[in-house]
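**Q** Just a sequence and a predicted model for now, questions to come.
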Amino acid sequence: MSDARTPAQIEADIVRRRERLAETLDEIGVRVHPKTVIGDAKAKVASTVDRTAGRAFVAVNRSVSDVKAKFVSDDGSPRLERLVPVALVAVGLVGLLAVSARRRRS
């Protein structure tokens, strides 16, 4: 089987392949360059942190909304039947801490 291409066509094909190979090597060089590797790593970390922070914000916001819903009615007025017992427990704990602190000083 003989090659029907002329020497000029073969040379042009070789030139095109060299150019493609040079482009591929340039791309590889850019991809493995330390600045590129570090930049990609920073971008990946930043993306992960953003996603994690976003999830944390949503979780905290949901928790705060749930707690708020337990102590504030839909119209914005406080639910005294829930606030008063919590306030009494808080006052009791503060009182116990104060008594405990006085006993330690004595």
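**A** On my side now, so go ahead. Please read these numbers as outputs of a predicted model, since none were measured by experiment.
**Q** Show me which helix runs longest in this protein.
**A** Longest helix in the chain, counting residues (DSSP state H): helix 34-71.
**Q** and that helix, how far out from the chain's middle?
**A** 4 Å (CA atoms, centre = their mean, to the nearest Å).
**Q** That helix packs against which elements?
**A** helix 80-105 (3 or more CB pairs under 8 Å, 6 or more residues apart in numbering; DSSP states H and E). (C-beta placed from N, C-alpha, C; glycine too.)
**Q** Next, the angle helix 34-71 makes with the helix it packs on.
**A** Angle of helix 80-105 versus helix 34-71, following axes from the mean of the first three to the mean of the last three CA atoms, to 10 degrees, is 110 degrees.
**Q** Rounded mean pLDDT for helix 80-105, please.
**A** The average pLDDT within helix 80-105 is 91.
**Q** got the buried residues for it?
**A** By 16 or more other CB atoms under 10 Å, helix 80-105 has no buried positions at all.
**Q** Against which helices or strands is that helix packed?
**A** helix 34-71.
**Q** Give the buried residues for the helix it packs on.
**A** Here helix 34-71 shows no buried residue, counting by 16+ other CB under 10 Å.
**Q** ok, and what's touching stretch 90-106?
**A** Where contact means CB atoms under 8 Å, 6 or more residues apart in numbering, no residue beyond stretch 90-106 reaches it.
**Q** how far is it from where the chain is centred?
**A** In this view, stretch 90-106 has its centroid 42 Å away from the chain centroid, taken as CA atoms, centre = their mean.
**Q** With stretch 74-85 instead?
**A** The answer for stretch 74-85 is 36 Å, by CA atoms, centre = their mean.
**Q** Can I get it in CSV? Just the C-alpha atoms.
**A** The C-alpha atoms that make up stretch 74-85 are tabulated as CSV, following Å, rounded to 0.1, in the frame of the first residue of the first chain:
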residue,chain,number,x,y,z
ASP,A,74,-47.1,34.4,65.1
ASP,A,75,-48.3,37.9,65.8
GLY,A,76,-45.0,38.8,67.6
SER,A,77,-46.4,38.8,71.2
PRO,A,78,-44.4,36.8,73.8
ARG,A,79,-45.8,33.4,74.9
LEU,A,80,-45.8,34.0,78.7
GLU,A,81,-46.8,30.5,79.4
ARG,A,82,-43.4,29.4,78.1
LEU,A,83,-41.3,32.5,79.0
VAL,A,84,-42.2,32.6,82.7
PRO,A,85,-40.9,29.1,83.6
